[in-house]
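>>> this one's sequence-less:
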């Protein structure tokens with residue numbers, strides 16, 4: 001195992017970039033992102049530096065993955081959570097849920113109010129006043145019950161959406177946080193299930 005002092009300044013910077021991207025975004029950069037960050041003319045230049053870091057024993061690379069870089073020489077931080085990313089959830093009109101695991105992210109539990117069971121990617125802007133933007137990954141903790149005012153992931157007639165939960169008597173409403181959208185009033189003939197409660201988000205650059 002080489003020490004950091006055996007690396008050129010450029011390769012030290014690339015290794016630091018890889019570590020920071022994993023820490024901040026839960027996944028390593030692609031060769032294209034390394035090329036863009038360092039102003040390389042092509043991905044082949046980034047690949048040469050990544051190969052040198054591999055030979056030096058700092059990383060390993062799975063050639064069959066676009067983001068196949070893994071850090072070596074340090075045990076996985078046990079405090080990081082490995083959380084599956086399941087499809088997408090609408091912040092707007094409900095859309096069909098896709099329960100396939102799209103990815104797995106290593107994330108700091110401090111990001112979340114409670115430990116999430118899974119992440120969903122938000123589509124739409126109906127929750128912008130709660131700071132939930134289109135493209136965000138929201139952490140969801142499985143829970144079949146919700147309290148008034150909680151942000152929930154709800155399944156309504158088989159489609160999934162993220163909204164604030166409100167119950168008054170027997171009436172349930174799913175409230176957007178954007179004045180351009182109307183509340184969803186759940187009718188008696190509709191099938192409503194609370195999938196879980198929102199417990200934090202990750203915004204990937």
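Here it is on my side, so go on. Only a predicted model underlies this, so the values are computations on that prediction, with no experimental measurement involved.

>>> Next, residue 141: secondary structure please.
Classification of residue 141 using DSSP: H, G, I helix; E, B strand; the rest coil returns strand.

>>> Dig out what it forms beta bridges with.
residue 197 (DSSP bridges).

>>> wait, what's in contact with it?
114, 115, 116, 117, 196, 197, 199 (Cβ atoms under 8 Å, 6 or more residues apart in numbering). Placement of C-beta: from N, CA and C, glycine included.

>>> SS state for the third one?
Think residue 116. coil.

>>> Quick check: it touching residue 200?
Yes: under the criterion of Cβ atoms under 8 Å, residue 116 makes contact with residue 200 at 6.9 Å.

>>> so what's residue 103 closest to, chain neighbours aside?
residue 85 (4.2 Å; Cβ to Cβ, 6 or more residues apart in numbering).

>>> Give me the pLDDT value at that neighbour.
Looking at residue 85, its pLDDT is 87.

>>> How about the contacts made by it?
Taking Cβ under 8 Å, 6+ apart, one finds 101, 102, 103, 104, 105, 118, 119, 120, 121, 137 in contact with residue 85.

>>> overlap in contacts of residue 116 and residue 200?
Contacts common to residue 116 and residue 200, judged by Cβ under 8 Å, 6+ apart, are residue 139.

>>> Can you tell me how far residue 40 is from residue 195?
Going from residue 40 to residue 195 by Cβ to Cβ, to the nearest Å gives 43 Å.

>>> Understood, closing this out.
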